[in-house]
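Asker: Next input, structure requested:
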Amino acid sequence: RVVDNIVSNARAHGHAQARPVELDASATGDVARVCVRDHGVGFPSDTLARAFEPFVRGNAARSPADGHGAGLGLAIVKRIIEAHGGAVGAINRDGGGADVWFELPLARVVSLA
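Answerer: I've put the predicted structure just below:
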C-alpha cells in the first residue's frame with residue numbers, strides 16, 4: 001500500500017509522463033530506506049511541509065483532470081510507516097522533481113537454537 005500510494009501520487013501530480021518514476025531501496029545498519037523519485041515540478045512550496053497531513057492537496061493545475069483524490073494518500077503512507085516504527089519525508093530536488101522516502105527498521109533474526 002505504501003509504495004503504491006507514493007508511486008500513484010508521483011504519477012498523478014506533475015510527473016513527466018515520458019520518464020519513469022524511479023524507486024531506490026537500500027539498507028544501512030538496521031534501517032531499510034525506500035525512495036521514490038519523480039521528474040515533475042516538485043511539491044508547491046506551500047504544500048511541501050504539510051504533504052503528509054490529511055486532506056492536503058496541491059493546486060488545481062497540478063491535480064489530475066478527473067478531480068480524483070482527497071489528499072489522503074500520503075497521510076495514509078505516514079500512518080502506516082509510523083505504525084511500524086519508521087519515518088517518512090519528502091524533498092524537492094534542485095532542477096525539478098521530488099523525492100518521497102520512507103525508512104523502516106529491519107527485523108532482527110532470532111535464533112531458536
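Asker: Assess the claim that residue 23 and residue 33 are in contact.
Answerer: No: judged on CB atoms under 8 Å, residue 23 makes no contact with residue 33 at a distance of 11.3 Å. In short, each C-beta sits where N, CA and C put it, glycine included.
Asker: For this structure, which element, helix or strand, carries the lowest mean pLDDT?
Answerer: helix 45-48 (a mean of 88; mean pLDDT, DSSP states H and E).
Asker: Which residues are in contact with residue 81?
Answerer: Contact analysis of residue 81 by CB atoms under 8 Å, 6 or more residues apart in numbering lists 2, 87, 88, 102, 103, 104.
Asker: how close does the second one get to residue 33?
Answerer: Going back to what we said before, that points to residue 87. 9 Å (CB to CB, to the nearest Å).
Asker: What are the boundaries of the helices in the protein?
Answerer: Secondary structure of the chain (DSSP state H): helices at 2-12, 45-48, 73-83.
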